[in-house]
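Q: Sequence first, predicted coordinates after that:
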Amino acid sequence: MKTAPQKKLFIKTWGCQMNVYDSGRMADVVAPLGYTATEDVAEADLVIFNTCHIREKATEKLFSELGRLRPHQKAKAQNGGRMMVAVAGCVAQAEGPEIQRRAPYVDMVFGPQTYHQLPEMIARVSRGAGIILNTEFPAEPKFDLLPQDHATPGVSAFLSIQEGCDKFCTFCVVPYTRGAEYSRSVASISTEAERLVEQGAREITLLGQNVNAFHGEGPDGKVWGLGRLFRRLAEIPGLKRLRYMTSHPRDMDDDLIAAHRDVPQLMPFMHLPVQSGSDAVLEAMNRKHTADDYRRIIEKLRAVRPDIALSSDFIVGFPGETDKDFADTMKLVRDVGFAQAYSFSYSRRPGTPAAAMTNQVDEKVTAARLQELQQLIREQQERFNQSMIGQTLPVLFDRVGRYENQIHGRTLYMQAVHVEGHARLIGQEMLVKIEDVGMNSLSGPLLVAA
């Protein structure tokens with residue numbers, strides 16, 4: 001069998017774990033064409049920037065990166081080669097024509113629903129078809145057309161089970177860049193999970209824009225929710241841990257909450273974004289839940305899994321946010337208590353309803369509020385980590401550490417742990433007695449197999 005000539009692929013990824021998963025699958029898609037990964041962009045034959053539209057100034061950051069790439073592309077051409085450049089992801093979906101106009105040296109611009117068509121797009125560029133703009137929402141699900149095999153996933157792997165969003169929060173571009181909610185079938189998810197475990201994965205994180213909105217077709221022909229899917233995946237031999245992100249409070253149903261009690265592999269750590277503790281702000285965000293709705297969900301989770309640790313997202317300075325609204329957010333944080341949380345200043349996203357709101361909050365006020373919130377979150381995270389001292393925790397080791405004879409793993413609660421140990425322990429879950437807490441990690445002596 002004739003093999004394709006070896007070519008180099010460079011991928012840079014911004015944004016969420018969905019984008020990380022997509023980048024890995026793009027590498028899988030082009031591997032049969034002879035592309036192997038490189039960390040040296042100058043030697044790449046194909047460069048893919050997989051973009052995210054959520055963060056501030058995402059478009060300008062992309063053009064800055066493209067500007068730095070241009071000399072490498074020219075140098076490649078002067079040496080008789082060619083560097084194809086592709087922009088993928090949500091910025092590509094939202095700003096495709098603008099990318100074509102400002103960076104005509106980009107060969108391919110395609111959205112997150114079309115990367116399974118990469119081989120065809122590469123062929124068209126090679127034939128001189130000009131710039132490819134592919135930002136449609138194709139009728140066929142891309143997951144059905146992706147290669148079955150992954151590159152080696154590692155001990156911890158991601159598996160995308162749901163895409164898109166029907167929530168239309170007023171600050172968010174995802175419904176416009178990822179499309180409507182779509183869930184894969186249970187059979188296809190199970191098959192991919194089994195392959196990941198066969199390749200060495202011991203922990204799988206299920207991904208989705210609203211992962212707990214999962215409503216895939218089950219093998220019985222009925223619609224399965226996420227709780228039932230977890231029960232099915234827990235049957236896979238060798239799969240030690242299951243996680244999921246990112247969830248929406250509106251989709252936390254009783255069966256999923258019960259799964260936290262019933263499925264030992266489902267880790268007691270959950271990222272559940274609330275965004276604000278003010279009902280007025282939540283209404284303006286079109287979140288369709290209240291602060292007390294969120295509190296009740298947390299009460300239910302803690303009733304079935306008392307040791308569950310929580311993470312969340314907060315937006316500070318949303319249009320119209322008053323001092324009282326911010327105080328309500330601070331109260332929610334104190335009421336719930338988080339092991340960690342992510343907080344951001346509100347920034348306008350072109351095309352979203354919130355961008356047109358006239359009651360924007362002064363940047364200095366927003367900055368002061370964000371600093372206050374982040375200080376509280378840091379204090380809660382430090383207390384949570386300190387509470388681990390003296391405990392014996394199961395740790396799944398996933399890679400070697402920075403120092404000789406050091407290995408790295410994670411607790412049930414996603415905390416990083418470093419211990420002295422041999423690399424042969426990678427992929428195993430071992431007991432560690434936590435004796436020290438650093439800024440971002442825990443450490444202690446390795447005990448016995450968990």
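A: Looks like it came in fine. Numbers count the residues shown, from 1 in each chain.
Q: Correct me if wrong: residue 12 contacts residue 50.
A: Yes - counting by Cβ atoms under 8 Å, residue 12 sits close enough to residue 50 to count as a contact (7.0 Å). Quick note: C-beta positions are derived from backbone N, CA and C, even for glycine.
Q: how many neighbours does residue 273 have?
A: The local packing of residue 273 (other Cβ atoms under 10 Å) involves 20 other residues.
Q: can you tell me how far it sits from residue 251?
A: Look at residue 273 and residue 251: by Cβ to Cβ, to the nearest Å, they are 12 Å apart.
Q: Ok, residue 340 next?
A: In this view, residue 340 and residue 251 are 22 Å apart by Cβ to Cβ.
Q: Three-state assignment for residue 71, please.
A: helix (DSSP: H, G, I helix; E, B strand; the rest coil).
Q: Determine the number of other residues adjacent to it.
A: Counted with other Cβ under 10 Å, residue 71 comes out at 10.
Q: can you pull the pLDDT of it?
A: As predicted, residue 71 sits at a pLDDT of 93.
Q: show me what contacts residue 162?
A: 181, 182, 183, 184, 207, 208, 209, 210, 211, 213, 214, 216 (Cβ atoms under 8 Å, 6 or more residues apart in numbering).
Q: Of residue 12 and residue 50, give the one with the bigger neighbour count.
A: Each of residue 12 and residue 50 has its neighbours counted (other Cβ under 10 Å); residue 50 has more, 24 against 14.
Q: For the helix or strand the more buried one falls within, which strands pair with it and how are they oriented?
A: Assigned by DSSP states H and E, residue 50 falls within strand 46-51. Strand 46-51 sits in its sheet next to strand 7-13 (parallel), strand 84-89 (parallel), going by DSSP bridges.
Q: looking at those, which is buried most?
A: strand 84-89 (a mean of 25; mean count of other Cβ atoms under 10 Å).
Q: what comes into contact with that strand?
A: Contact with strand 84-89 is made by 14-15, 19, 22, 26, 45-53, 62, 66, 69, 73, 99, 103, 105-112, 115, 118, 121-122, 125, as judged by Cβ under 8 Å, 6+ apart.
Q: Then stretch 249-266?
A: Stretch 249-266 has contacts (Cβ under 8 Å, 6+ apart) with 167, 210, 212-213, 225-228, 230-231, 233-234, 239-243, 268, 270, 272-274, 287-289, 293-294, 297, 300-301, 304-305, 308.
Q: Which helix runs longest in this structure?
A: Ranked by residue count and defined by DSSP state H, the top helix of the chain is helix 363-386.
Q: pLDDT of that helix, averaged?
A: 97.
Q: Alpha carbons of that helix, in CSV - could you do that?
A: Extracted in CSV, the C-alpha atoms of helix 363-386 (Å, rounded to 0.1, in the frame of the first residue of the first chain):
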residue,chain,number,x,y,z
GLU,A,363,-15.0,49.9,33.3
LYS,A,364,-13.4,51.1,36.6
VAL,A,365,-16.5,50.0,38.5
THR,A,366,-16.4,46.6,36.8
ALA,A,367,-12.6,46.2,37.5
ALA,A,368,-13.1,47.0,41.2
ARG,A,369,-16.0,44.5,41.5
LEU,A,370,-14.0,41.8,39.7
GLN,A,371,-11.1,42.2,42.0
GLU,A,372,-13.4,41.9,45.0
LEU,A,373,-15.0,38.8,43.6
GLN,A,374,-11.8,37.1,42.7
GLN,A,375,-10.4,37.7,46.2
LEU,A,376,-13.3,35.9,47.7
ILE,A,377,-13.0,33.0,45.2
ARG,A,378,-9.3,32.7,46.0
GLU,A,379,-10.0,32.5,49.7
GLN,A,380,-12.6,29.8,49.1
GLN,A,381,-10.2,27.8,46.9
GLU,A,382,-7.4,28.1,49.4
ARG,A,383,-9.7,26.9,52.2
PHE,A,384,-10.8,23.9,50.1
ASN,A,385,-7.3,22.9,49.3
GLN,A,386,-6.1,23.3,52.9
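Q: That one - contacts with which helices or strands?
A: strand 309-316, helix 323-336, strand 340-345 (3 or more Cβ pairs under 8 Å, 6 or more residues apart in numbering; DSSP states H and E).
Q: In the second one, which residues are buried?
A: Neighbour counts using 16 or more other Cβ atoms under 10 Å place 325, 326, 328, 329, 332, 333, 336 of helix 323-336 among the buried residues.
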